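[1] missing the sequence, but the structure's below:
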Ligand code: NI
């Protein structure tokens, strides 16, 4: 049993292929997945998918790319979406200093607002952190995000920084880059992350794992992320599946 904790079936590129992608996922043993939103439309699509398909759960939120366009009405609606019975997290939210599509102070303000909404709803948060590790930690500390915890989606900080995220109650989610030949950082993380804090994801349609790198990613490929981590840790794929599945159920407050 595999749990893809971050997959964008709400992405326009995957939206039209959902039926075949879900079939392929089930054949690969993926029995649950979380579809995170990144703006209004994708958050609504995530909730629609979760309403239609029993083993899909939704996360809702506004990506740092779009922080400059987020309105008070968006944040009020986010608070309402959090009441949806299949919404299990607020995300993906965070900071992206690679693209800097929105000014950094605006990204931080919108990030904090969304953490506050998640705290009110008592939902964990799904964090997008690109080249902003130190500021993400500062925001998580200042907002007392430890009260709700969450997931570091496609963790890309160093193994040295990992204890700070663990101390804040966060799970470390690994994606396709752990399978890449040049994936030195995620490989170190895969070796050292505590067994009770590891999650796996695809981030489909992005970050396709080997041996499919270069093609469109899909939830079924989370198997290849799991297999690589099993190989690295020298344990069976069954053990990785059980460990990451149990962790995901706990991280998103689901019933086993
Ligand atoms: Ni994502």
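    That came through, no problem. The model shown is predicted, which means the values in this text are computed figures rather than measured ones.
[2] need the helix or strand of this structure with the lowest average pLDDT.
    Across the helices and strands of the chain, the lowest-confidence element by mean pLDDT, DSSP states H and E is helix 12-15, at a mean of 93.
[3] For stretch 181-188, which outside residues touch it?
    By Cβ atoms under 8 Å, 6 or more residues apart in numbering, the residues outside stretch 181-188 that reach it are 155, 156, 157, 158, 159, 174, 175, 177, 178, 180, 210, 232. (Each C-beta comes from the backbone N, C-alpha and C, glycine too.)
[4] Can you give me the buried ones in the least confident helix or strand of the chain?
    For helix 12-15, a neighbour-count test (16 or more other Cβ atoms under 10 Å) marks residue 14 as buried.
[5] any idea how far the helix or strand that it is followed by is from the chain center?
    Under the assignment DSSP states H and E, the closest C-terminal helix or strand after helix 12-15 is helix 18-28. The chain centre lies 20 Å from the centre of helix 18-28; the measure is Cα atoms, centre = their mean, to the nearest Å.
[6] Give the rounded mean pLDDT of helix 18-28.
    Here helix 18-28 scores 97 as its mean pLDDT.
[7] And that helix, what's buried?
    Buried-residue list, helix 18-28, by 16+ other Cβ under 10 Å: 18, 21, 22, 25, 28.
[8] And stretch 131-144, by the same measure?
    132, 133, 135, 136, 137, 139, 140, 143.
[9] Now secondary structure, distance to residue 198 and pLDDT too, for the residues you listed, in JSON lines please.
    JSON lines is the format used below for the buried residues of stretch 131-144 (DSSP: H, G, I helix; E, B strand; the rest coil; distance: Cβ to Cβ, whole Å; pLDDT from 0 to 100):
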{"residue": "132", "secondary structure": "coil", "distance to residue 198": "22", "pLDDT": "98"}
{"residue": "133", "secondary structure": "helix", "distance to residue 198": "19", "pLDDT": "98"}
{"residue": "135", "secondary structure": "helix", "distance to residue 198": "24", "pLDDT": "98"}
{"residue": "136", "secondary structure": "helix", "distance to residue 198": "19", "pLDDT": "98"}
{"residue": "137", "secondary structure": "helix", "distance to residue 198": "20", "pLDDT": "98"}
{"residue": "139", "secondary structure": "helix", "distance to residue 198": "23", "pLDDT": "98"}
{"residue": "140", "secondary structure": "helix", "distance to residue 198": "19", "pLDDT": "98"}
{"residue": "143", "secondary structure": "coil", "distance to residue 198": "24", "pLDDT": "98"}
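[10] Tell me which two of the residues you listed sit farthest apart.
    Distance extremes for the buried residues of stretch 131-144: the farthest pair is 133 and 143 at 16.1 Å, using Cβ to Cβ.
[11] hey, where'd the strands end up in this protein?
    2-4, 30-36, 56-60, 87-96, 125-130, 150-152, 170-174, 198-200 (DSSP state E).
[12] Take those strands and lay them out in a markdown table including distance to residue 69.
    Converted to a markdown table, these look like this (distance: least, Cβ to Cβ, whole Å):
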| stretch | distance to residue 69 |
| --- | --- |
| strand 2-4 | 29 |
| strand 30-36 | 18 |
| strand 56-60 | 16 |
| strand 87-96 | 14 |
| strand 125-130 | 16 |
| strand 150-152 | 23 |
| strand 170-174 | 27 |
| strand 198-200 | 30 |
